[in-house]
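Participant: return a 3D structure for these sequence lines:
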Amino acid sequence: VGIKEFIPKIEGKFKHISLPYAISFMTNEDRYNYLKEQQNKISAVLNQLDACGISVKTSQNGWMALDLYAMDELTDPLPNGGHLCDSVPSGYADTLQHILRLLQKQVDNFNYDLATTTKGCDGENKTINSLKAVSLNYPVLHNIRLESSADLNYSAETDTIVITDRAIFLIETKNYGGNGDIITVSNDGRWTLYDGHKQKTRNLTNPYKQVSDHIFFIKKFFEEHNIKIDLPIVPIIAIANDDVDIKLETTDIMGKVLRADLIGTYILQYIESTPSKTTKKTMSLIDKVLKEEKLPPKQYKVIDYCENIKTVCIALVELFELWQEDNNQALIIKEKERQKRKEERQKRKEEQERKAFEEQQKALLKAFEKRQREIQEAKDLEELEKIKQEEQAKEKAEEEKMNKILAVAEGVGFLMRFFGLIE
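Facilitator: Got it, this is the predicted structure:
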């Protein structure tokens, strides 16, 4: 049903939807808490779309996905061809798809930010718990961000620093990959992620490069603060995901690559197998300087996806209400047309029935007349047969009579000859 006068309602207003895109900056931990809070709000907003035929499903890991069964029903092919969009007032189907794509993109962006932030926090917590499990009696610092006095535009943030009298351990935690994935470290230092079928997924950021930069930076930091130490700096890369396999193609690498839950045990074994190389006074000085000179934790950009999604949902609900209003009018027109077609069909049916009845009557009359003729013809034939039989009986009687006369004549002649009355 084409209702062109309704199209201007949706062409301009819904062609471009301006999103707030409110941006703030916060630490990784605050960002995680903020996104978890937003997740509940976004879920509540999306649940309001159920009346529009759109529901939201949340997986166990918190990933939200739109179930667009309403749109599916509109685009599903019908048995006789076409689809339900054909009965929707012009323009709504395309506009609905446009808004749904925008909504899905915002939800996907939020899902990605939440997933990456959660994965990072989970990985760092795993390293922290591993260190707590072995009860190290040494200073353990987290998220130490330092800057060089020579270059105030550059800073380095180390996930975890453990200060002992045997060594200083710089720990960088990575939560790469998913279940069944393989992390490969090649001879040239490249880190690559493969899936369970050994198909390359992506290149990973090289944590060795990151850790080596941190070692250089912290040494320079100690020099700038006149701290002389003879302690080795031991880099450790902690892989927090237990579901990935680690494949080292070379042993010529700096530092150790360990599972995050083994970090505490490794440091404890290192301490037990290595003699002391400095005093507690030096350790306390390092701990004090790092805590005093560290910068506030790095701030990460956070988008208020909840407001973006709410804006899109408001437009979607408004469009749905317009569609319902216009569709109701379309249904009224459609019902009138359906009723008109029904009446026309009824008239055609009655006309066809009348014609069929007339044809039937004609056929019956024709058959009756034919039967009458056949009966009359049969009677005529029977009468003719009767007359024929009577004539044949007459002829036979005449013939018999003639035969009798001839027989009598022959008898009379015989007698006359016998008596000599005739020759």
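
Participant: in the stretch 151-300 of the chain, which spans are strands?
Facilitator: 155-163, 168-174, 182-185, 191-194, 200-204, 233-239, 245-248, 256-259, 300-303 (DSSP state E, counting those that start in this stretch).

Participant: Glu383 is nearest to which of these?
Facilitator: When these are ranked by proximity to Glu383, the top entry is strand 200-204, at 107.4 Å, counting by Cβ to Cβ. For every residue, glycine as well, the C-beta is placed using N, CA and C.

Participant: related to what we said a few turns ago, I'd like the strands of the stretch 151-300 of the chain as a markdown table, with mean neighbour count appended.
Facilitator: Written out in a markdown table, the entries for those read as follows (neighbours: other Cβ atoms under 10 Å):
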| stretch | mean neighbour count |
| --- | --- |
| strand 155-163 | 21 |
| strand 168-174 | 24 |
| strand 182-185 | 19 |
| strand 191-194 | 18 |
| strand 200-204 | 12 |
| strand 233-239 | 23 |
| strand 245-248 | 14 |
| strand 256-259 | 18 |
| strand 300-303 | 16 |
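
Participant: to Leu100, which of these lies closest?
Facilitator: Comparison of the strands of the stretch 151-300 of the chain against Leu100 by Cβ to Cβ identifies strand 300-303 as nearest, at 19.9 Å.

Participant: same for that closest one, what does it pack against?
Facilitator: Applying 3 or more Cβ pairs under 8 Å, 6 or more residues apart in numbering; DSSP states H and E, one finds that strand 300-303 makes contact with strand 23-26, helix 28-47, helix 92-133.

Participant: out of the strands of the stretch 151-300 of the chain, the one nearest Ile144 is which?
Facilitator: Judged by Cβ to Cβ, the one of those that comes nearest to Ile144 is strand 155-163, at 5.1 Å.

Participant: still on that earlier bit, quick one: which of the helices and strands packed on strand 300-303 is nearest Lys298?
Facilitator: When these are ranked by proximity to Lys298, the top entry is helix 28-47, at 7.4 Å, counting by Cβ to Cβ.

Participant: distance between that closest one and the chain's centre?
Facilitator: 23 Å (Cα atoms, centre = their mean, to the nearest Å).

Participant: what helices or strands is it leaning on?
Facilitator: Using 3+ Cβ pairs under 8 Å, 6+ apart as the contact criterion, the secondary-structure elements in contact with helix 28-47 are strand 55-58, strand 64-67, helix 92-133, strand 300-303, helix 305-418.

Participant: so for the first one, mean pLDDT?
Facilitator: Right, strand 55-58. Across strand 55-58, the average pLDDT comes to 83.

Participant: can you get me a residue count around the residue nearest to Glu307 when sequence neighbours are not counted?
Facilitator: Here the nearest residue to Glu307 in space, its sequence neighbours aside, is Pro20; by Cβ to Cβ, 6 or more residues apart in numbering that works out to 4.6 Å. Applying other Cβ atoms under 10 Å, we find 13 residues neighbouring Pro20.

Participant: am I right that Pro20 sits in a helix?
Facilitator: No - under the criterion used here (DSSP: H, G, I helix; E, B strand; the rest coil), Pro20 is coil, not part of a helix.

Participant: pull the contacting residues for it.
Facilitator: Remark: with contacts taken as Cβ atoms under 8 Å, 6 or more residues apart in numbering, Pro20 is in contact with Asp304, Glu307, Asn308, Thr311.

Participant: is it true that the second one touches Ala22?
Facilitator: Yes - under the criterion of Cβ atoms under 8 Å, Glu307 lies in contact with Ala22, with a separation of 5.8 Å.

Participant: looking at those two, which one has more neighbours?
Facilitator: Glu307 (18 against 12).

Participant: the residue most central in space within the chain: what's it in contact with?
Facilitator: Geometric centre of the chain, nearest residue: Asp67, 7.0 Å, by Cα atoms, centre = their mean. Taking Cβ under 8 Å, 6+ apart as the contact definition, Asp67 lies against Ile54, Ser55, Val56, Lys57.
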